[in-house]
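Engineer: Take this sequence and fold it.
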Amino acid sequence: MKQFTLLLLFIGLTFLGCSKDDDATDTIFVLYNQTYCSDPWEFAENNNELIDSIKNYFESVNIAISNVKIDDKGTPQFCNACHCLSGNRIIATVSTDDLDAIKAYGFQEYK
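Structural biologist: Modelled structure (predicted):
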């Protein structure tokens with residue numbers, strides 16, 4: 001009987017450990033249309049370097065950004081100014097607490 005009780009306790013604790021924490025901070029997807037050269041983070045030669053640069057930049061300003069992805073589904077602007085859009089989009093998740101802060105950098109909610 002003692003072994004059965006221990007087994008039930010183990011199973012119960014396992015389920016508690018795997019349950020979703022309702023108090024966890026919610027996250028939201030955000031999107032940024034990348035420019036040719038006026039983004040606040042450092043220039044990168046490829047998408048992997050760009051992702052690292054974005055993460056490092058936002059870490060330095062205390063905004064937690066994660067799941068950063070780059071795609072080319074935006075609409076490029078064919079002009080030579082830094083503020084023109086490259087056609088690359090940066091999609092990531094941030095905590096809802098950081099949403100207003102990251103919007104100040106040109107990100108928008110992405111659903």
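Engineer: remind me which residues of the chain are low pLDDT?
Structural biologist: 1-25 (pLDDT under 70).
Engineer: Strands of that one, residue ranges please.
Structural biologist: For the chain, the strands defined by DSSP state E occupy 27-35, 65-71, 85-95, 108-109.
Engineer: Including distance to Asn48 and mean neighbour count, could those go into TSV?
Structural biologist: Glycine gets a C-beta too; all of them are placed from N, C-alpha and C. Below are these laid out as TSV (distance: least, CB to CB, whole Å; neighbours: other CB atoms under 10 Å):
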stretch	distance to Asn48	mean neighbour count
strand 27-35	15	18
strand 65-71	9	15
strand 85-95	13	19
strand 108-109	24	12
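Engineer: residue contacts, the spatially closest residue to Ser38 that is not a sequence neighbour?
Structural biologist: In space, and not counting its chain neighbours, Ser38 is closest to Cys82: 4.1 Å by CB to CB, 6 or more residues apart in numbering. By CB atoms under 8 Å, 6 or more residues apart in numbering, the residues touching Cys82 are Thr35, Tyr36, Cys37, Ser38.
Engineer: Let me have those in a markdown table, extended by distance to Asp97.
Structural biologist: Listed next are the contacts of Cys82 as a markdown table, based on distance: CB to CB, whole Å:
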| residue | distance to Asp97 |
| --- | --- |
| Thr35 | 26 |
| Tyr36 | 31 |
| Cys37 | 30 |
| Ser38 | 27 |
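Engineer: can you tell which of the strands of the chain is closest to Asn46?
Structural biologist: strand 65-71 (9.4 Å; CB to CB).
Engineer: What is that closest one packed up against?
Structural biologist: Here strand 65-71 is seen to pack against helix 47-60, strand 85-95 when contacts are counted using 3 or more CB pairs under 8 Å, 6 or more residues apart in numbering; DSSP states H and E.
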